[in-house]
Each structure stands twice: as structure tokens, then as C-alpha cells.
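Chemist: sharing a sequence plus its predicted fold:
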Amino acid sequence: MFLFLDTANLEEITRGVECLPLAGVTTCPTLVVQERPGSFWELLKEIRGVIGPERILHAQVMGGSAEEILGDARALWRRAGAEGPFYVKVPVTEAGFRAMPLLRREGIAFTATTIHSVSQAMLAAEQGAAYLAPYVNHIEDAGESGAEMVGRTARFLERRGLSSQILAASFRNVRQILGVLEAGAHTVTVSPELAWKMAAHPMTDASVAKFRRAWDGFFGPGARVEDLP
């Protein structure tokens, strides 16, 4: 499955699990603080309870040095990584790059996040990142093409035979999402609002309403197939 929800809202996650083919959930410090400040571990546990043991969960380190990142990653891995697939999000700062081989050595699976260039993605992939998270909207705000960046990264991974997957993030609209998927992104993480925009179309609603009018006109208002003799 290619779709992650980028949220820490339990109601939105529950709705997504019930209706959408979700690969999992991504969180970041901003989303966690917005949702429920002061109860980080409890929130991660509740998210896992909603998504179940088969879907993937991501959570981010906050340490400023390689040693602090490693400490955060160990804590996340120990306290949130045992009940299902889990990836520690590591920013592609100098400290993050220093921490990546340490994480790999300890068997801690990680996602390289806050990627804004092909070169950052290349370096993180060579360091063993399981996922690469380019921030598409930020890239486009800087005047570059998010889809082109993703496509170049995908071609690099293929040429090098690297197993990192592109988990594109930060979108303003569905057009951007479709663009990066067509360019070679393996997965995307999107807000609940955009996920439901992907699933909806006004012409679909109009078609269903037309069917309803025809059906009600013959069988009566509110009649359902299971009610027919």
C-alpha cells in the first residue's frame, strides 16, 4: 500500500483505517504537540492500538547531536517499536548523518526526513535509510519541481540498487501527490484532508444522487435493495 496518514489525531486515524488502504501513520513533533501535549508515549501507544500490529508507525527524534539522536532513537525503539513495524525519523542534518551509521549498527530502522534536495536523499540512502522523506511543498516553494526531484532520486536508487523507499511528504494539493507518485515515489504521507480529497469527486456525488432519484421515483423514498421482496 502506498498511502500513509500524516496525523496524530486518533479520530482521523480511526476513520482512515476503516475506509482507506493505509500503509500506516507518520507523526512529527508539530503534530504530536498540536494533538496532545504532555502525553507523548501514551499517544503513540493509542495510535498503535488503532492501526494494529501490521501497519507502520513513524515517530521523530528531537536530539541535537548524534549521541542525543541515538538516545532518542533507542527510547523510541524500546518503547514504541515492539508492537508492530516502526521507523525512527531522523532529520538530514549533520548530526542526523552522523547518527545514521550508529542506528544501522544497532539495528534501528530509520527514515531520513526533512529532505529538500536530491543530494540529501542520495547520502541518506547510502547510509541505509529505509525511507526517504522529501518535503515536496517546501521544494516547490523554493521554485523547484517536487516531482522532478523525486524522479531523479528514484532513478538514483534504481541505478545503485539501493533498497530505500521514497516516502514523499508535505503536500498542498492532490496534483502534487499524483505528480510524485507518477515520478517514482513508492509511498506518500498526506494530511487527512488531502486523503479524503483523493477519494472524493463532485461528479461521483452527482452520479450517486441521480441514481437515488431514479430509484426513489420507482420504489419510493429511502427504499434499499435488501428491502425489496
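Modeler: Structure received.
Chemist: and the helix or strand of the chain with the lowest mean pLDDT, what does it pack against?
Modeler: Scoring the helices and strands of the chain by mean pLDDT, DSSP states H and E places helix 29-35 at the bottom, with a mean of 89. Where contact means 3 or more C-beta pairs under 8 Å, 6 or more residues apart in numbering; DSSP states H and E, helix 29-35 is packed against helix 40-51. (Each C-beta comes from the backbone N, C-alpha and C, glycine too.)
Chemist: using CSV, list the CA coordinates for the helix it packs on.
Modeler: Output of helix 40-51 as CSV, limited to C-alpha atoms (Å, rounded to 0.1, in the frame of the first residue of the first chain):
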residue,chain,number,x,y,z
PHE,A,40,3.8,11.5,24.0
TRP,A,41,4.2,7.9,24.9
GLU,A,42,0.5,7.4,25.6
LEU,A,43,-0.4,8.9,22.3
LEU,A,44,2.0,6.6,20.4
LYS,A,45,0.5,3.6,22.2
GLU,A,46,-3.0,4.7,21.3
ILE,A,47,-2.1,5.2,17.7
ARG,A,48,-0.6,1.7,17.6
GLY,A,49,-3.8,0.4,19.1
VAL,A,50,-5.8,2.0,16.3
ILE,A,51,-3.6,1.0,13.4
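Chemist: how about residues contacting the least confident helix or strand of the chain?
Modeler: By C-beta atoms under 8 Å, 6 or more residues apart in numbering, the residues outside helix 29-35 that reach it are Asp6, Thr7, Ala8, Asn9, Phe40, Leu43, Ala59, Gln60, Met62.
Chemist: number of residues surrounding the closest residue to the fourth one other than its chain neighbours?
Modeler: The reference is to Asn9. Excluding its sequence neighbours, the residue lying closest to Asn9 (C-beta to C-beta, 6 or more residues apart in numbering) is Glu35, at 5.7 Å. Residues near Glu35, counting by other C-beta atoms under 10 Å, number 16.
Chemist: what residues sit buried inside the least confident helix or strand of the chain?
Modeler: Within helix 29-35, the residues scored as buried using 16 or more other C-beta atoms under 10 Å are Leu31, Val32, Glu35.
Chemist: now the strands: where do they sit in the chain?
Modeler: In the chain, the strands defined using DSSP state E lie at 3-6, 22-26, 56-60, 86-91, 110-115, 131-134, 165-168, 187-190.
Chemist: sheet-wise, list the partners of the second one with their directions.
Modeler: Based on DSSP bridges, the strands next to strand 22-26 in the sheet, each with its direction, are strand 3-6 (parallel), strand 56-60 (parallel).
Chemist: Thr114 is nearest to which of these?
Modeler: Smallest distance to Thr114 across those (C-beta to C-beta): 9.3 Å, for strand 56-60.
Chemist: farthest pair in the contacts of helix 29-35?
Modeler: Among the contacts of helix 29-35, Asn9 and Met62 lie farthest apart (C-beta to C-beta), at 20.5 Å.
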